[in-house]
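1. Sequence below, structure please.
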Amino acid sequence: MIFSEAPARKPVLKLDWCSHAAAKYAVEHWHYSRRMPMPPIVSIGVWEDGAYVGCVLFSRGANAQLGAPYGLSMTECAELVRIAITSHTTPVTRIVSVALKFLRSNSPGLRLLVSYADPSEGHHGGIYQGGGWVYSGRSSDSKQYKHEGRWKHSREVTSGAFGGSRAVANYQALPSRVVPGKHRYLMPLDAAMRAQIAPLAKPYPKRLCAVPSTPPGAPERVGGATPTTALQP
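-> Next up, the predicted model:
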């Protein structure tokens, strides 16, 4: 006798603008960083069958020269800074793909997106690889200081960057460490930019260590972009 199982019904996926409060909730509860990125932020919410399951956030990033290496102005280049998603069915690669289309339709002058995967958090960029992003190598190593119970980028303690209220006095006395650069992924949004970016492509990095299993398309380590721990992405 042969037993068969009806295929699972795919949830109805919807992406639309979401409020800052909704994005903040998702990041603080479903993203490993627990912190909102610096404004200005474009917040795209994600719903499955009418239930809010998270968001995808884009911004100009912490680097004011994000687009400079590619000859782009600040309005032509943006960074995918967070993928904060809770339990969901739709593969994250699909969610990111739809978010990109949504962003492009509302930002006609945008030509390039950049995102990073942090190897120190167990991320290698599987979501971006699945979405056909171009891997261009790692950013430079950076220094972190431990302050107020967490590791902070040197710019946050030396100048109050990333939303900090002030520089930390005597930060040199704080515990410090050097962390490896992040994996950098690029998504060109027009043919000319794709041709320009193509020579920068390098082989995709592989996941270096085993991590808890997650549903197909779910974030590495539960979330996404920097990805979230509920996303890797």
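2. my guess is residue 145 contacts residue 175, does it?
-> Yes - the criterion here is C-beta atoms under 8 Å, and residue 145 meets it with residue 175 at 6.9 Å. Glycine gets a C-beta too; all of them are placed from N, C-alpha and C.
3. These two: which is more packed in?
-> A count of neighbours by other C-beta atoms under 10 Å puts residue 145 above the other of residue 145 and residue 175, at 20 against 9.
4. Who's the closest spatial neighbour of residue 130, skipping the chain neighbours?
-> With sequence-adjacent residues excluded and distances taken as C-beta to C-beta, 6 or more residues apart in numbering, residue 130 is closest to residue 93, at 4.1 Å.
5. I'd say the one you found and residue 131 touch.
-> Yes - if you go by C-beta under 8 Å, residue 93 and residue 131 touch, sitting 4.9 Å apart.
6. follow-up on the earlier one: phi and psi next, for the residue nearest to residue 130.
-> Residue 93 adopts backbone torsions of phi -60, psi -40, taken as degrees, to the nearest 10.
7. can you offset everything so residue one is 36?
-> In the new count, where the first residue is 36, that last one comes out as residue 128.
8. Okay, it and residue 47: tell me how far apart.
-> Distance of residue 128 to residue 47, given as C-beta to C-beta, to the nearest Å: 18 Å.
9. These two: who's more crowded?
-> residue 128 (18 against 10).
10. Just the pLDDT for that one.
-> On pLDDT, residue 128 comes in at 96.
11. again with residue 221
-> At residue 221, the pLDDT value in this model is 98.
12. that's a strand at it, yeah?
-> Yes - the assignment for residue 221 is a strand, going by DSSP: H, G, I helix; E, B strand; the rest coil.
13. Format the CA atom coordinates belonging to the helix or strand containing residue 163 as CSV.
-> Following DSSP states H and E, one finds residue 163 within helix 161-165. Only the C-alpha atoms of helix 161-165 are listed here, as CSV (Å, rounded to 0.1, in the frame of the first residue of the first chain):
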residue,chain,number,x,y,z
GLY,A,161,24.3,31.6,2.7
ILE,A,162,21.2,33.7,2.2
TYR,A,163,23.0,36.0,-0.2
GLN,A,164,24.6,33.1,-2.0
GLY,A,165,21.2,31.6,-2.5
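14. And this structure, split by domain according to the record?
-> Here the domain parsing of the chain from automatic domain parsing is 48-175+218-257, 177-214.
15. Could you point out the bridge partners of residue 94 in the sheet?
-> Here residue 94 sits in beta bridges with residue 76, residue 114, going by DSSP bridges.
16. And residue 214, by the same measure?
-> Residue 214 forms beta bridges with residue 177, as assigned by DSSP bridges.
17. Now for it, how many residues are close by?
-> Residue 214: 15 neighbours (other C-beta under 10 Å).
18. likewise residue 100?
-> When neighbours are counted by other C-beta under 10 Å, residue 100 registers 10.
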